[in-house]
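**Student:** Next come a sequence and a model predicted from it.
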Amino acid sequence: MDLATREFLILHVRVEEDLVLARHDLVSAHGRSGACVVFDVSALEPWPELDPAACLEEWLRTTTAHRQQLAILGSPGALGWDRSPVAHEVAFYPDLATCLKVEAPAVGGASAVEMTLPARVDYLPGLRQHLASVVKAQHGAAESFQVEILVDELALNAVENSPSSHNSYDLRFVLENHELLLEITNEFDEAVDSARIMNRRLQSFDDSGRYLGERGRGLFLIARIADGLQIRSLEGKRVRVTVTKRLRGQPPAAG
């Protein structure tokens, strides 16, 4: 699939120390030149010693140097950024779903998005809402509901199995006509063969669908909905789950 891919690096900024960490993350930004860097400051509380305008100007200099776009989740007035002379250069959104809808619109019958998200459940609603809406617009509500389940189960699995809440996971979503590819990559404890364990859990079901183990029900649900499921270990203590699905629905009738 030769599609133009929109890349996002989503950073959760909640406490004052995170602002420093976020600056370092923004400088490297995983080497993604041209990516959209999204700062989530929706839960950020102001401090008297913090100069929001100065932080914003520093972030803008960094994004410009790396040809990146800067978006912020949260109210532009929460920290006085609406009074900054450079605030008009930043896109503000109330939530992740709204941000993605504007910054990563589907084009015709094709859509390709890559994201790096914090290993937190906070972002799952916005994530699945956006991706399901892309599918719904092209293939109807029934298909979008199944894709929403796939996104939710895969992302939740990545969050639950990440060694720390400070870690992140990568998501790749490619939709071209009736072919969907969904891929999640996350770190795991190097002492554990995560791919082997996940495959064994997947095999812990009998032919009738009755579960014979204690965990892995989400994997079984994914396998039932998807047309293809692959789990494999990668270098750097990572595991990748790849799902493919043939979408058979039609676009909803205009009305």
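**Tutor:** Now that the structure is in, tell me what you want to look at. Everything quoted here is computed from the prediction, not taken from an experiment. Residues are numbered from 1 along each chain as shown.
**Student:** Thr116 against Arg172, yeah?
**Tutor:** No - Thr116 is beyond contact range of Arg172, at 10.4 Å (criterion: C-beta atoms under 8 Å). Every residue, glycine included, has its C-beta placed from N, CA and C.
**Student:** So the two - more neighbours on which side?
**Tutor:** Thr116 (21 against 17; other C-beta atoms under 10 Å).
**Student:** for the stretch 151-255 of the chain, which spans come out with low pLDDT?
**Tutor:** Residues of the stretch 151-255 of the chain meeting the criterion pLDDT under 70: 165, 189-217, 252-255.
**Student:** just the strands in it please.
**Tutor:** 168-176, 179-187, 228-234, 238-246 (DSSP state E, counting those that start in this stretch).
**Student:** Reformat these as CSV; add distance to Lys101.
**Tutor:** As requested, these are arranged in CSV below (distance: least, C-beta to C-beta, whole Å):
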stretch, distance to Lys101
strand 168-176, 14
strand 179-187, 18
strand 228-234, 28
strand 238-246, 22
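**Student:** Figure out which of those is closest to Glu58.
**Tutor:** strand 168-176 (21.9 Å; C-beta to C-beta).
**Student:** Quick check: buried residues in the closest one?
**Tutor:** Judged by neighbour count (16 or more other C-beta atoms under 10 Å), strand 168-176 contains these buried residues: Ser168, Tyr169, Asp170, Leu171, Arg172, Phe173, Val174, Leu175.
**Student:** Nearest to Ala158 among those?
**Tutor:** Tyr169 (4.1 Å).
**Student:** Who does that closest one form a beta bridge with?
**Tutor:** Leu117, Asn186 (DSSP bridges).
**Student:** How about the contacts made by it?
**Tutor:** Counting by C-beta atoms under 8 Å, 6 or more residues apart in numbering, Tyr169 makes contact with Thr116, Leu117, Ala119, Ala155, Ala158, Val159, Ser162, Ile184, Thr185, Asn186, Glu187.
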